[in-house]
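Colleague: Sharing a sequence plus its predicted fold:
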Amino acid sequence: MLSDSPVPHQHKAYGPTRVHCAVITLSDSRSPSDDTSGRWIREELTRAGHQVLGYELIPDDPVRLRALVAAALDDPRLEALLTTGGTGVSSRDGTVEVLEGFVHKRLDGFGELFRFLSYQEIGSAAMLSRAMAGLDARGRLLVALPGSPHAVRLAMEKLILPELGHILGQARR
């Protein structure tokens, strides 16, 4: 017997069309005036009908990031937290480790697809990205994007914006 659940192509209809987000840029060299990646994420989220509740730019500092993420997750309105920067392999890159401490369910497909799409554009250097996504225990999306404006655009256009509401809709089931 068929269940009452929607068929796969209808799943997206059950997700929110407006998501409350926050954006954090991690960079030792950027300022709010030249944070192209953070600005682009905020603009594209807004253009897609989502609400940006907050934005911060901090140095690549895991202790400070951990405190900032915890504070952001204290906001009951927050549904998605996107970070940019700190996803590489240098000694200062610690974003992934910090966000993993808050993740209850990993979305391995995000990182896999991001690196696949990146590989098609930049070749084998795509393996250096540790971009990741996951859900916290309350079903809120946490995403770690590279700092490169091109990488951010790729992830936002191909993965995040098309699936943001869908992901959260599924997480709430």
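Modeller: Yes, it's here. Numbering: from 1, shown residues only.

Colleague: Can you pull the phi and psi angles for the residue nearest the centre of the chain?
Modeller: The centroid of the chain falls nearest to Val143 when counting by Cα atoms, centre = their mean (2.4 Å). Backbone geometry at Val143, expressed as degrees, to the nearest 10, gives phi -130, psi 130.

Colleague: what bridges to it?
Modeller: On the basis of DSSP bridges, Val143 is bridged to Leu82, Ala133.

Colleague: could you list every residue that touches it?
Modeller: Ala80, Leu81, Leu82, Thr83, Phe110, Ala131, Met132, Ala133, Ala155, Ile160 (Cβ atoms under 8 Å, 6 or more residues apart in numbering). For the C-beta atoms, the positions are set from N, CA and C on the backbone; glycine is no exception.

Colleague: Let me have these in TSV, extended by pLDDT, distance to Ile122 and neighbour count.
Modeller: Output for these, formatted as TSV (pLDDT from 0 to 100; distance: Cβ to Cβ, whole Å; neighbours: other Cβ atoms under 10 Å):
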residue	pLDDT	distance to Ile122	neighbour count
Ala80	98	26	24
Leu81	98	26	24
Leu82	98	21	26
Thr83	98	21	31
Phe110	98	18	22
Ala131	98	13	27
Met132	98	18	23
Ala133	98	20	27
Ala155	98	13	28
Ile160	98	19	25
